[in-house]
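> Model the structure of this input:
(chains A and B)
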Amino acid sequence: MAAQEFNFLLATDSYKITHYKQYPPNISNIYSYFECRRKKGSQFSEVVFFGLQYLLKKYLLGQVVTEEKIQEAKVFYQMHFKQAVFDEESWRKILEKHDGRLPIRIKAIPEGTIIPRGNVLFTVENTDPEFYWLTNYIETMLLQMWYPITVATISREFKKILAKHLKATSGSLEGLDLKLHDFGYRGVSSQESAALGGAAHLVNFCSTDTVAGLLMAQRYYSCPMAGFSIPAAEHSTIISWGRSREKEAFERVLEQFPSGPVSVVSDSYDIFNACKNIWGDKLKERVMERSQDSCLVIRPDSGDPAETLIEVIKILEECFGCSLNVMGYKVLPSYLRIIQGDGIDLSSVDEILQKLADEGWSAENVVFGCGSALLQKLNRDTLNCAFKCSYVESNGKGMDVYKQPVTDPSKGSKRGRLSLRRNSDGFLETIEKGAGKPEEDLLVTVFENGSLVLDYSLEEIRKNARLRDEETKG
Amino acid sequence: LYVPTIVVKKEDNRHLLFALSLQVTHYKQYPPNTSKVYSYFECREKRTDPSKSRKVKYDKTVFYGLQYILNKYLKGKVVTPEKIQEAKEVYREHFQDDVFNEKGWTYILEKYNGHLPIEIKAVPEGSVIPRGNVLFTVESTDPECYWLTNWVETILVQIWYPITVATNSREQKKILAKYLMETAGNLEGLAYKLHDFGYRGVSSQETAGIGASAHLVNFKGTDTVAGIGVIKKYYGTKDPVPGFSVPAAEHSTITAWGKDHEKDAFEHIIKQFPNVPVSIVSDSYDIYNACEKIWGEDLRSLIVARSADAPLVIRPDSGNPLDTVLKVLEILGKKFPPLENSKGYKVLPPYIRVIQGDGVDINTLQEIVEGMKKHRWSIENIAFGSGGALLQKLTRDLLNCSFKCSYVVTNGLGVNVFKDPVADPNKRSKKGRLSLHRTASGNFVTLEEGKGDLGGDQLHTVFQNGKIVKTYTFDEVRDNAQLTESDY
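Modelled structure (predicted):
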């Protein structure tokens, strides 16, 4: 059931209130679609489709129009536009004719699908000719799909890089889905974005501190527990002991969490001193007592990420030794690991792992944490997400429509009714102008007239989005 | 791995779960006999390498958004037995271990009826404060709940967002004010010169509401309806609404007419809205042809008949922003000859204007107004729309927003604490109990280590033990954030 307090009539760009007056007369059908447009030079050639089910369940399902909401919208728009322009009557007709449920059909590719840029991802059209204006009324809300798609895509790009290095330096992909931990909760713009972005990351990994994402996956994607974490220190729990008692602070964390891995941020004053003299000397025995299942994970949090990491691992090698794995790379003892959670993005993670490998270190030694680069440092232009009208029906006649600005050919839109098929080479392609064969169409109806037609679980989505063999090789 | 089904209630009961996972385990990590943890929030100063300096400095920040967080997430009864139970189950699965502080939360439920024993002191909302100063402090008020201060860190640090949107929006206002003054001699219409187009480009509905409200601290034009709801619910204004819009076309309302009927689309739309400004996107096929032939010739008579209160506002939406704006102005200038204003700059007739709403960020805004000035066009001719750059293309790092512990009481003794990482002096934090003061010259300074105890503290208690004790109206916020003459 869509959120009760939420007024659907107020969840759009203001100007869309005025569009019913602007379409050609006798228009009866407006059909629009969503894509991540292709852009020359973009580093992302394919995307992960994720997040539509959340929007459908939270905002579009069931009765979204009530008389109170119509009244609230009417009063509001009168003041906002300083004139009466709101189409009160049409909304009331939705209430009367359809019990306040949206006469809309949405067809989409299955969630979790990996699909090249420039293809249709979902289509929207009105199912009742009276409400042609509704298709683009919901553009604003549906375009926000850019966010979970982009987070899931970037998270998966991280996974490819991590897989490549892990495979090359250890021979296996064990532990891959715990290699990138979501640290982004505090650095996103709101609780809701944290939940959505956090869940999108969990399509590819199961390591997170963004608890909101777990709840989102639970409520909207039927996953009881999508991600895990470990006890960890933060600066306040170390510095609150005072500058001269960093060792006591460290010791406290180890003794409070004797079983299970534990992460301890170690740069409050001097990361190198902490590694060499505290972990590597004063507390060395306490560290060595720990098992592989309860390892100490040391966390640097400042300075140049790659250089700091190399210096830290060298110090730890001196103090604790290391062994060689089957691929001939060095691995710290199993009770000791490192997590780098500062300054991590797609290029720094690749650089760091490359530098480690160059110095003879396996990717098994490090786990990464990522905050804003995972959940906030992205926008609709990252994957050029767009929603455009491609087909209308007026006076009983269908017409393919499009924009094609002379000032920017990359902003041209697709024409006519669209379908998606897998061609004979196995690649996904979009067929325009209604020329596609219905039996080949991979777009499936997910929403119709207020009802959810399909319900994807995170489990299915994870399966659809898993890395292919060739993606683990780099 | 056995993962049991957890039944989650429908209501939005996230309060206990809004902490980062790691914070769940912190109650066990503080020194024994800690009875108070005191933390603060600032937009750190960043001493950067001069060779790397950004074009825009953001020396001062607008403080905004705390009242939303306090009202929505922290006030009143936030702990119930059901919430404790839910949190306990979720964390047990999430950590595969029992680390959740059930005892601590039950104590809060029983002793305080689920209200948070926390005190928050803050600078007034809307205040414009130089970087590197304390903006708010948080401390636990019950010795048993020392761990609560940093539990609420995650949710409070999200204030970086409204602060950053409001600050970036205000910096753009300064640019517009400066060029408007230079090219027109007054600031008329400034409040409508940067319109919020960002609803579709933010990461969620909630972000849209917060961000749009932050922009409205400085301006009055918005299409992000959600922002107005946030202001109404959490701040309040004396006027019925704090933000306005005008009828406008989008591509679908033009292209739905068919490629050969762009003129019919334009004509129909302009006639639908005779008495108010109407904005019509004109680049679906060829912006220059639209301006020259359709607006400039075919429909010219409809345009010149419009009043100054109801101009046609032409909207380009592609191509290099500056080049496109200049070329459009040039074409319109030929078809609708401009007059020279008192400052010697060209102004199109009052029935026609331009809005540039594509690719606008603080840097391109500066480029466009500078380019217009060079070509002798007054800024009266133009308004701007901004979407992604206004509400989404921002991160916590832009203003280095940070929440750090600076003081604890252990074994009855107060200790000033801080971090000071050897590899990054920029990340050093402040020490002890903090206060904010105005100097004789009107500047701000933060006093550390409890030195400001003698009075004059600009931080006011806004939240105490579950109650909001001081509020600001949106009008007060706008007042505090106003530009002063020195700003332009």
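
> shaky segments in the chain?
Chain wasn't specified; assuming chain A. Applying pLDDT under 70 to chain A picks out residues A:1-4, A:474.

> try chain B instead
For chain B (pLDDT under 70), the answer is B:1-22, B:48-54.

> separation between the most centrally placed residue in it and residue A:441?
Residue closest to the mean C-alpha point of chain B, counted by CA atoms, centre = their mean, is residue B:165 at 2.6 Å. Separation of residue B:165 from residue A:441 (CB to CB, to the nearest Å): 41 Å. (Glycine included, C-beta is placed from N, CA and C.)

> At which residues are the helices of the stretch 51-200 of chain A located?
Secondary structure of the stretch 51-200 of chain A (DSSP state H, counting those that start in this stretch): helices located at A:52-55, A:67-81, A:88-98, A:134-137, A:139-143, A:146-170, A:191-201.

> what's the most buried one of those?
Ranked by mean neighbour count, these are led by helix A:191-201 with a mean of 29 (mean count of other CB atoms under 10 Å in any protein chain shown).

> downstream neighbour of that one in the secondary structure list?
helix A:211-221 (DSSP states H and E).

> So which bits of that following helix are buried?
For helix A:211-221, burial by neighbour count (16 or more other CB atoms under 10 Å in any protein chain shown) applies to A:211, A:212, A:213, A:214, A:215, A:216, A:217, A:218, A:219, A:220, A:221.

> Now do it: which elements does it pack against?
Judged by 3 or more CB pairs under 8 Å, 6 or more residues apart in numbering or on different chains; DSSP states H and E, helix A:211-221 is in contact with helix A:52-55, helix A:191-201, helix A:458-465, helix B:81-95.

> any idea which helix or strand comes after it?
Past helix A:211-221, further along toward the C-terminus, the next helix or strand under DSSP H and E is helix A:235-239.

> mind listing the strands in the stretch 101-250 of chain B by residue range?
Listed in chain order, the strands of the stretch 101-250 of chain B (DSSP state E, counting those that start in this stretch) span B:118-122, B:128-130, B:134-140, B:194-196.

> Briefly note if the last one comes near chain A.
Right, strand B:194-196. No - residues of strand B:194-196 contacting chain A under CB under 8 Å from any CB of the partner chain: none, with a closest distance of 9.4 Å.

> Any chance you could list what contacts that strand?
Residues outside strand B:194-196 that contact it (CB atoms under 8 Å, 6 or more residues apart in numbering or on different chains) are B:169, B:172-173, B:176, B:212, B:215-216, B:218-219, B:221-224, B:227, B:243, B:245, B:355, B:357, B:365, B:383-387, B:390-391.

> let's see 7 Å
Around strand B:194-196, the neighbours that count as contacts under CB atoms under 7 Å, 6 or more residues apart in numbering or on different chains are B:172, B:176, B:212, B:215, B:219, B:221-224, B:383-386, B:390.

> And the third one, by the same measure?
The contact list for strand B:134-140 (CB under 7 Å, 6+ apart) reads B:36-42, B:63, B:66, B:117-123, B:129, B:146, B:148-149, B:152, B:156, B:430, B:434, B:436, B:446, B:459.

> give me that answer again for 8 Å
B:36-43, B:61, B:63, B:66, B:117-123, B:129, B:146-149, B:152-153, B:156, B:163, B:407, B:430, B:433-436, B:446, B:459, B:462.

> now, which of the residues you listed lie close to chain A?
For chain A, the contacts drawn from the contacts of strand B:134-140 by CB under 8 Å from any CB are B:37, B:39, B:149, B:153.

> Cross those against helices and list the overlap.
Counting by DSSP state H, these place B:149, B:153 in helices.

> Now render the ones next to chain A among the contacts of strand B:134-140 as JSON lines, adding neighbour count.
Formatted as JSON lines, those follow (neighbours: other CB atoms under 10 Å in any protein chain shown):
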{"residue": "B:37", "neighbour count": "27"}
{"residue": "B:39", "neighbour count": "24"}
{"residue": "B:149", "neighbour count": "27"}
{"residue": "B:153", "neighbour count": "23"}
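
> which helices and strands does the longest helix along chain B pack with?
Counting by DSSP H, the longest helix found in chain B is helix B:160-184. When contacts are defined as 3+ CB pairs under 8 Å, 6+ apart, helix B:160-184 sits against strand B:60-62, strand B:194-196, helix B:205-215, helix B:362-374, helix B:388-391, strand B:401-410.

> do you know which of the helices of the stretch 51-200 of chain A lies nearest residue A:350?
Of all those, helix A:146-170 sits nearest to residue A:350, with 5.0 Å by CB to CB.

> The closest one and chain B, are they touching?
Yes - against chain B, helix A:146-170 shows contacts by CB under 8 Å from any CB at A:146, A:147.

> which ones are touching residue B:170?
Residues near residue B:170 by CB under 8 Å, 6+ apart: B:62, B:128, B:217, B:218, B:481, B:483.

> Would you agree residue A:91 is in contact with residue A:73?
Yes - assessed by CB atoms under 8 Å, residue A:91 is found in contact with residue A:73 at 7.4 Å.

> anything in contact with each of the two?
residue A:9.

> need the contact list for the nearest residue to residue A:220 once chain neighbours are set aside.
Counting by CB to CB, 6 or more residues apart in numbering or on different chains, residue A:54 is the residue found nearest to residue A:220 once chain neighbours are left out, at 4.7 Å. For residue A:54, the contact set (CB under 8 Å, 6+ apart) comprises A:148, A:196, A:199, A:216, A:220, A:221.

> between the residues you listed, which is closest to chain B?
residue A:196 (5.7 Å; CB to the nearest CB).

> now the closest one: how far from residue B:460?
In terms of CB to CB, residue A:196 sits 35 Å off from residue B:460.

> and what of residue A:190?
Residue A:190 sits at a distance of 25 Å from residue B:460 (criterion: CB to CB).

> Please apply the same query to residue B:318.
For residue B:318, the distance to residue B:460 - CB to CB - is 48 Å.

> domain parsing for chain A?
For chain A, the TED database gives the domain ranges A:8-149+A:382-463, A:157-376.

> Name all residues that make contact with the nearest residue to residue A:213 once chain neighbours are set aside.
Leaving aside its chain neighbours, residue A:213 sits nearest to residue A:198 (2.0 Å; criterion: CB to CB, 6+ apart). Residue A:198 makes contact with A:182, A:184, A:185, A:208, A:210, A:211, A:212, A:213, A:214, A:216, A:227, A:375 under the criterion CB under 8 Å, 6+ apart.

> change it to 7 Å
A:182, A:208, A:210, A:212, A:213, A:216.

> thinking again about what came up before, residue A:190 and residue B:460: which has the busier surroundings?
Higher neighbour count among residue A:190 and residue B:460: residue A:190, with 25 against 14, using other CB atoms under 10 Å in any protein chain shown.

> Please verify my assumption that that one contacts residue B:209.
No - Residue A:190 lies out of contact with residue B:209 (CB atoms under 7 Å); the separation is 8.1 Å.

> Pull up the overlap in contacts between those two.
Common contacts of residue A:190 and residue B:209 (CB under 7 Å, 6+ apart): none found.

> The most centrally placed residue in chain A and residue A:145, how far apart?
Nearest to the geometric centre of chain A sits residue A:151, at 2.7 Å (CA atoms, centre = their mean). Residue A:151 is 11 Å from residue A:145, where distance means CB to CB.

> mind listing what the closest residue in space to residue B:381 that isn't next to it in sequence touches?
Spatially, and ignoring its direct neighbours in sequence, residue B:381 is nearest to residue B:348 (5.3 Å; CB to CB, 6+ apart). Neighbouring residues of residue B:348 by CB under 7 Å, 6+ apart: B:332, B:333, B:336, B:338, B:381.

> I believe the second one is in a helix; please confirm or correct that.
Right, the one you point to is residue B:333. Yes - applying DSSP: H, G, I helix; E, B strand; the rest coil, one finds residue B:333 inside a helix.

> what about residue B:477, which SS state?
The local conformation at residue B:477, judged by three-state DSSP, is helix.

> same thing with residue B:98?
Looking at residue B:98 with three-state DSSP, the answer is coil.
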